[in-house]
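In: got a predicted structure here, sequence first:
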Amino acid sequence: MPYEKFEEYNIQITDDIKARYNGIIEELGEDVTRDGLLKTPERAAKAMLYLTQGYSQDAAEILKSAMFKESYNEMVIVKDIELYSLCEHHILPFFGKAHVAYIPNGYIVGLSKIPRIVDVFARRLQVQERLTEQILDCINDTLKPQGVAVVIEASHMCMMMRGVQKQNSVTTTSGFRGQFEKIETRNEFLKLISEKLS
Ligand SMILES: [Zn+2]
């Protein structure tokens, strides 16, 4: 089974994380026995397991499960893919959009698989730079296209809520392989993802 929905929580791991959250909430000066917080450690444990479920998923297998032989060899773009991840330095969310393109080389992939592999890598403790590279490398190594491009634009809660408090800053990362290393192909992609749908 290449891709499973995350529905079952390992009871042992959930209980361990729950106990630790209990301790953390107490350390913060809260009363873990009051009504509103009673089930919080368990909910937080499940939320954290959900947000890091990418560790148990195989992005390459997801792509391989929907590769089709096809002679189409123009650029395929999936843009504005919603993205939610956790920064590994603060375990706070960063979120935004990913834009992914590839130029087929004999094979295309089911379009829904592109957002899925973005999720697989995003649902881990991440830095935006590595997330960009992992999506890029996965598509490049599995689909072996003529080229692949990834652009991620994201806002980081660790910047917005703490530290420098730059609330409107967006971090952009990008990576290009194969044909997209050529300036004209890259520019065509960048132009297409910056165009607003009318
Ligand atoms: Zn951070």
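Out: Great, that's in hand.
In: show me the helices in the chain, by range?
Out: 11-27, 40-51, 59-64, 113-122, 128-143, 157-160, 183-194 (DSSP state H).
In: which of these has the lowest average pLDDT?
Out: For these, mean pLDDT drops lowest on helix 157-160, to a mean of 91.
In: list the buried residues for it?
Out: 158-160 (16 or more other Cβ atoms under 10 Å). For glycine as for every other residue, the C-beta is placed from the backbone atoms N, C-alpha and C.
In: ok, now stretch 109-129?
Out: The neighbour-count check on stretch 109-129 (16+ other Cβ under 10 Å) flags 109, 113-126, 128 as buried.
In: any idea how far the closest residue in space to residue 173 that isn't next to it in sequence lies from the ion?
Out: Sequence neighbours aside, residue 132 is the residue nearest to residue 173 in space, at 4.4 Å (criterion: Cβ to Cβ, 6 or more residues apart in numbering). Distance of residue 132 to the ion, computed by Cβ to the ion, to the nearest Å: 16 Å.
In: neighbours of residue 132, how many?
Out: 21 (other Cβ atoms under 10 Å).
In: just checking, it touches residue 175?
Out: Yes - contact criterion Cβ atoms under 8 Å: residue 132 and residue 175 qualify, at 5.0 Å.
In: give me the common contacts of these two.
Out: Taking Cβ atoms under 8 Å, 6 or more residues apart in numbering as the contact rule, residue 132 and residue 175 both touch residue 150.
In: residue numbers of the chain in contact with the ion?
Out: Neighbours of the ion within the chain, by Cβ under 5 Å from the ion: 87, 89-90, 158.
In: list buried members of those by neighbour count.
Out: With neighbours counted by 16+ other Cβ under 10 Å, the residues of the chain next to the ion contain buried members at 87, 90, 158.
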